[in-house]
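> predicted coordinates and the sequence they were generated for:
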Amino acid sequence: MQYKKELGDNLFATFTEAAREQSLSGFAAADPLHTPIHDARAKQDLYFQTLNQNLPEVSSEENLKISGPYGDIPIRLVRPNASKSLPCIVFIRGSGWWAGSLDSHARTIRSLALMSGCAVCAIDYRRTPEYQYPTQRDEVLHLITWLQQNSDQLGLQNKIALFGESAGATIALSCALTLRDRVDESIAGMALFYTNAGGPKATARAYSQWVWKQYLGHEGLSSNANAVPLLDNLNGLPPIWLGVGEDDPLMSDTIEVHQKILAAGGSSSLNQYPKLPHAFVMYSGTLKPAYDALQTAALALKAFLN
């Protein structure tokens with residue numbers, strides 16, 4: 001793959017090395033608990049920019065807006081090649097539901113397209129705290145339907161998989177559960193990194209509790225098994241590839257998702273990565289284990305779509 005050849009020896013072997021290099025930019029992740037939300041987003045955008053330098057080249061990238069249940073939804077369609085008929089991966093970002101945009105995960109989106117050979121359609125879902133569940137889930141479901149209805153015009157096959165990371169993985173699970181309940185087999189499979197699917201825990205750090213409060217709209221655990229997927233039995237889902245770092249404080253959520261899917265008779269592959277924290281995939285441009293993990297997930301999605 002040309003992208004990997006171009007990266008060459010610029011990939012670090014450990015997260016500590018990659019994080020040290022990133023810290024030289026002078027931009028760190030924002031803290032929305034102690035900063036007004038708009039200021040926190042601005043700071044977080046600068047942090048994201050440092051992780052999205054020298055992006056890999058793709059065949060095409062198109063920004064669109066589609067009419068959705070809560071207003072227009074910005075999306076970005078990335079193609080790895082000029083094929084007129086590509087399967088499609090819907091990319092659902094994390095960032096705690098409160099931050100991020102189509103640009104914040106540009107490297108991951110482009111890399112996923114190149115690694116999988118599939119088109120990738122990223123969605124800029126509405127953020128918390130201004131919008132709460134089920135807004136984000138409903139917008140992704142709307143995008144899935146729109147892609148299916150417009151596949152011929154878009155040059156896409158009517159085959160769709162989901163990629164989600166962190167909060168985005170939780171949205172993906174909520175979408176899959178909704179489609180299951182509708183007896184709708186639109187999704188061929190999912191690749192989910194470090195899902196935050198168990199709701200707020202009393203022992204969790206303050207940030208984790210805060211993001212759930214903004215998403216659910218109330219303190220404490222919801223009784224809604226669609227909003228908090230681990231409250232469900234997770235039966236009847238499409239095949240799932242799961243990835244998580246062993247230094248992730250939310251690792252238990254990913255492991256429990258895997259165990260509940262297997263217990264329900266489903267198909268799940270659990271991939272654990274030593275010495276990697278939460279959100280490590282965003283370092284795929286500088287960290288070899290992150291690059292390799294993303295490539296493994298991309299190939300799993302390609303297999304689901306074939």
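Ah, there it is. Numbers count the residues shown, from 1 in each chain.

> from here on, contacts and neighbour counts on C-alpha atoms
Noted.

> what are the ranges of the helices in the chain?
Residue ranges of the helices in the chain, as given by DSSP state H, are 2-7, 15-23, 37-50, 106-116, 135-149, 151-154, 167-181, 206-216, 251-263, 288-305.

> so what's the most centrally placed residue in the chain bridging to?
By C-alpha atoms, centre = their mean, the chain has its centre lying nearest to Gly164, at 2.5 Å. Counting by DSSP bridges, Gly164 forms beta bridges with Ile92, Leu192.

> could you check how far it is from Ile171?
8 Å (C-alpha to C-alpha, to the nearest Å).

> who touches both of these two?
Ile92 (C-alpha atoms under 8 Å, 6 or more residues apart in numbering).

> what's Ala279 in contact with, if anything?
Per C-alpha under 8 Å, 6+ apart, neighbours of Ala279: Glu165, Ser166, Tyr194.

> if you set the cut-off to 10 Å instead, what comes out?
Ala279 makes contact with Gly94, Ser95, Glu165, Ser166, Phe193, Tyr194, Val244, Gly245, Asp248, Ala290, according to C-alpha atoms under 10 Å, 6 or more residues apart in numbering.

> tell me how many other residues surround Gln272.
A count of nearby residues for Gln272, using other C-alpha atoms under 10 Å, gives 18.

> can you check Gln149 too?
12.

> with Gln49 instead?
Neighbour tally, Gln49, other C-alpha under 10 Å: 15.

> please report how far the closest residue to it other than its chain neighbours lies from Leu147.
Leaving aside its chain neighbours, Gln49 sits nearest to Ser104 (6.9 Å; criterion: C-alpha to C-alpha, 6 or more residues apart in numbering). For Ser104, the distance to Leu147 (C-alpha to C-alpha) stands at 22 Å.

> quick one: residues contacting the closest residue to Pro87 other than its chain neighbours.
Leaving aside its sequence neighbours, Pro87 sits nearest to Gln157 (C-alpha to C-alpha, 6+ apart; 4.8 Å). When contacts are counted by C-alpha under 10 Å, 6+ apart, Gln157 is found next to Lys84, Ser85, Leu86, Pro87, Cys88, Cys118, Ala119, Leu147, Gln148, Asn150, Ser151, Leu305.

> change it to 7 Å
Ser85, Leu86, Pro87, Ser151 (C-alpha atoms under 7 Å, 6 or more residues apart in numbering).

> go on, Pro74?
Pro74 touches Leu64, Lys65, Ile66, Ile123, Asp124, counting by C-alpha under 7 Å, 6+ apart.

> now, of those residues, which are buried?
Ile123, Asp124 (16 or more other C-alpha atoms under 10 Å).

> next, format the contacts of Pro74 as CSV and append distance to Asp232 and pLDDT.
Below are those laid out as CSV (distance: C-alpha to C-alpha, whole Å; pLDDT from 0 to 100):
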residue, distance to Asp232, pLDDT
Leu64, 34, 98
Lys65, 33, 98
Ile66, 31, 98
Ile123, 25, 99
Asp124, 27, 98
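
> show me what contacts the nearest residue to Pro74 once chain neighbours are set aside?
Excluding its sequence neighbours, the residue lying closest to Pro74 (C-alpha to C-alpha, 6+ apart) is Lys65, at 4.4 Å. Listed by C-alpha under 7 Å, 6+ apart, the contact set of Lys65 reads Asp72, Ile73, Pro74, Ile75.

> tell me the spacing between the second one and Leu143.
Relative to Leu143, Ile73 is positioned 9 Å away (criterion: C-alpha to C-alpha).

> what do you get for Ile66?
8 Å.

> repeat for Gln214
23 Å.

> do the same with Phe91
Counting by C-alpha to C-alpha, the gap from Phe91 to Leu143 is 11 Å.

> those two: which is more packed in?
Phe91 (29 against 21).

> how many other residues sit next to the closest residue to the more buried one other than its chain neighbours?
The shortest distance from Phe91 to any non-neighbouring residue, by C-alpha to C-alpha, 6+ apart, is to Ala122 (4.5 Å). As a burial measure, Ala122 scores 26 neighbours (other C-alpha under 10 Å).
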